[in-house]
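Chemist: I would like the atomic coordinates for the input below:
(one chain, ligands or ions: 3)
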Amino acid sequence: MQVKDCFVSAPGKAILHGEHAVVHGKVALAVSLNLRTYLRLKATATGKVCMNLPNIDTFLCWDLSELKQLVPYSCAKREELKCLDPELLRRLREFVGVTNGKLDTCNMATLAFLHIYLSVFGSGELPSLTVSVWSELPTGAGLGSSAAYTVCLAAALLCASGAIPIPLKEWDHTARWCQEDLELINSWAFQGEMIIHGNPSGVDNAVGTWGGMLRFLAGKIIPLSRVPLLRILLTNTKVPRSTKVLVARVKDRINKFPSVLPPVLDSVDAISCTCEKVLSEMTSEPITGEHYNILEELIDINQHHLNVMGVGHPALDTLCRVTLTRGLHSKLTGAGGGGCGITLLRPETDSSVVQSTVQDLTDCGFDCWETSIGGPGVQQHSRLSVKDEVLDVLNQY
Ligand SMILES: Nc1ncnc2c1ncn2[C@@H]1O[C@H](COP(=O)(O)OP(=O)(O)OP(=O)(O)O)[C@@H](O)[C@H]1O
Ligand SMILES: C[C@@](O)(CCO)CC(=O)[O-]
Ligand SMILES: [Mg+2]
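Modeler: Ligands and ions are numbered 1, 2, ... in the order given. Presented below is the predicted three-dimensional model:
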């Protein structure tokens, strides 16, 4: 079976409010970043499936004959994608050599890839292909790198299998899919996230799929079209952490203190709703300092709540303290435990203040950059529309 080559990309995300609480049915507000993960799928005639993941130093190839043995029964049809295939997952864990149920960076990425590949193609002939992925996002740092990865995998493999059409026309640089196809991409990406996160809420893959700013509640996704332009500073403390471990830690704490933690989650829910209201007011009336004062206080309160949930880290405390000395407010974003934080910049924040803050944070050993938000969701690219530096990496494979 010969598939068509394609390039796809999906954005990372920042959660403004609601991380962790969203796993327990509370509201989250999340926004896409203009930092993306790119995937190139190339048809080959080698009789192999190859996966090149230079961000995590993983380069693997399998013979189609080996892979075929993992799917002796017919699986996956378009409408049967609601949950992971536990039998396939068990075989895959054995195949990949996962011991004690412990998944490292490479195993998680491999399992997510093989699960989607074999589910999508398992009922027919397996195609020989090479998938290469390169991301502008730091891996495992709270900016939704896992979701951007699984959204790209889902889009490219569904396209290659013919389950969704190739949206790019000859004259296009980039193209997106229709709503129904995006929903299918999102549901497959969610399964990949289940492999990587254990118990994901689905907010990260929703942002990777649709882009923009979203309100997310119990699987329901509402795009927020009326939002002000926000200036955000992203800081990577570079402290490694795993979303899976942190999500499990919060669950344990809720189980241990069933009357103490739920009110904290309710308060985070109220913070997300209040933030959403303020953001909406900022688009319908003149923006005042008071709007920003409220946004800043909500950030401070939520950061305390996240510490209470057990997902803080001394490096994140340092981030908050250092930015506050410049009058700027920060919180962790994503799963916490290290990784990244966001700092809200006011429209009047002078570039010299931003520069000094960046310098202070760099002196702490952190990476720091001002970013624009609201990048498009998953899209297909013509070769011409992929940045040279990304092409240079992906063309090596
Ligand atoms: N560019 C990439 N190439 C290959 N695998 C990746 C890539 N980016 C992420 N992954 C996979 O996702 C895992 C990191 O996911 P994790 O959920 O812990 O962090 P995150 O998604 O960056 O943060 P958060 O979930 O808090 O937003 C990596 O260990 C790897 O398995
Ligand atoms: C920590 C968490 O809330 C966000 C990770 O970006 C996990 C999830 O929603 O799946
Ligand atoms: Mg993740």
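Chemist: residues in this protein within reach of ligand 1, list them.
Modeler: Residues of the chain lying close to ligand 1 by Cβ under 6 Å from any ligand atom are 37, 53, 55-56, 105, 108-109, 133, 135, 139-146, 149, 196-197, 204, 242-243, 334-335. Glycine gets a C-beta too; all of them are placed from N, C-alpha and C.
Chemist: Cross the residues you listed against helices and list the overlap.
Modeler: Residues of the residues of the chain next to ligand 1 located in helices (DSSP state H): 105, 108-109, 145-146, 149, 196-197, 204, 243.
Chemist: Hmm, which of these is lowest in pLDDT?
Modeler: The lowest pLDDT within these belongs to His197, which sits at 89.
Chemist: Now do the strands in the stretch 51-200 of the chain.
Modeler: Counting by DSSP state E, counting those that start in this stretch, the stretch 51-200 of the chain has strands at residues 58-63, 129-135, 174-175.
Chemist: CSV for these, including mean pLDDT?
Modeler: Formatted as CSV, those follow (pLDDT from 0 to 100):
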stretch, mean pLDDT
strand 58-63, 97
strand 129-135, 98
strand 174-175, 96
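Chemist: Tell me which of those sits nearest to ligand 2.
Modeler: strand 129-135 (15.1 Å; Cβ to the nearest ligand atom).
Chemist: Just checking: what are the partner strands of that closest one?
Modeler: strand 28-43 (antiparallel), strand 48-53 (parallel) (DSSP bridges).
Chemist: What segments of the stretch 151-300 of the chain are helices?
Modeler: Ranges of helices within the stretch 151-300 of the chain are 179-197, 203-210, 243-256, 261-284, 289-309, based on DSSP state H, counting those that start in this stretch.
Chemist: ok, for Leu394, nearest residue in space, not its chain neighbours?
Modeler: Nearest residue to Leu394, sequence neighbours excluded (Cβ to Cβ, 6 or more residues apart in numbering): Arg40, at 4.4 Å.
Chemist: Which strand residues bridge the one you found?
Modeler: Beta-bridge partners of Arg40, as defined by DSSP bridges: Phe7, Ser132.
Chemist: Enumerate the residues of the chain near ligand 3.
Modeler: 146, 243 (Cβ under 5 Å from the ion).
Chemist: Low-confidence stretches in the chain?
Modeler: Applying pLDDT under 70 to the chain flags residues 1, 72-83, 101.
Chemist: Spatially central residue for this structure, please.
Modeler: Gly144 (2.3 Å; Cα atoms, centre = their mean).
Chemist: Walk me through the domains of the protein.
Modeler: What automatic domain parsing lists as the domains of the chain is 6-223+380-394, 226-371.
Chemist: Just give me the neighbour total for the nearest residue to Ile56 once chain neighbours are set aside.
Modeler: Nearest residue to Ile56, sequence neighbours excluded (Cβ to Cβ, 6+ apart): Thr105, at 5.0 Å. Close neighbours of Thr105, defined as other Cβ atoms under 10 Å, add up to 18.
Chemist: ok, Thr105 touching Ser145?
Modeler: No: counting by Cβ atoms under 8 Å, Ser145 is not a contact partner of Thr105; they are 10.3 Å apart.
Chemist: residues in this structure within reach of ligand 2, list them.
Modeler: Residues of the chain lying close to ligand 2 (Cβ under 6 Å from any ligand atom) are 15, 19-20, 22-23, 144, 197, 200-201, 203-204, 243, 247, 334-335.
Chemist: now, among those residues, which is nearest to Val49?
Modeler: The nearest member of the residues of the chain next to ligand 2 to Val49, counting by Cβ to Cβ, is His197 at 24.2 Å.
Chemist: For the closest one, give me its contacts.
Modeler: 146, 243-244, 247 (Cβ atoms under 8 Å, 6 or more residues apart in numbering).
Chemist: Of those, keep whichever come out buried.
Modeler: 146, 243-244, 247 (16 or more other Cβ atoms under 10 Å).
Chemist: Which one of the helices of the stretch 151-300 of the chain lies nearest to Arg226?
Modeler: Between the helices of the stretch 151-300 of the chain, helix 261-284 lies closest to Arg226; by Cβ to Cβ that is 4.3 Å.
Chemist: ok now the closest one, how far from the chain's centre?
Modeler: With Cα atoms, centre = their mean, to the nearest Å as the basis, helix 261-284 stands 22 Å off its chain's centre.
Chemist: Check what contacts that helix and list those residues.
Modeler: Contacts of helix 261-284 (Cβ under 8 Å, 6+ apart): 16-18, 20-21, 24, 26-29, 215, 224, 226-228, 253-254, 291, 294-295, 298, 301-302, 305, 308-309.
Chemist: Please name the residues that touch the closest residue to ligand 3 within the stretch 101-250 of the chain.
Modeler: The nearest approach of the stretch 101-250 of the chain to ligand 3 comes at Ser146, 3.3 Å away (Cβ to the ion). Contacts here follow Cβ under 8 Å, 6+ apart; on that basis Ser146 touches 108, 112, 140, 192-193, 196-197, 204, 243.
Chemist: Quick one: the residues you listed as a markdown table, columns for distance to Ser119 too.
Modeler: Putting the contacts of Ser146 into a markdown table (distance: Cβ to Cβ, whole Å) gives the following:
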| residue | distance to Ser119 |
| --- | --- |
| Met108 | 17 |
| Ala112 | 11 |
| Gly140 | 24 |
| Gly192 | 10 |
| Glu193 | 14 |
| Ile196 | 16 |
| His197 | 18 |
| Asp204 | 20 |
| Thr243 | 22 |
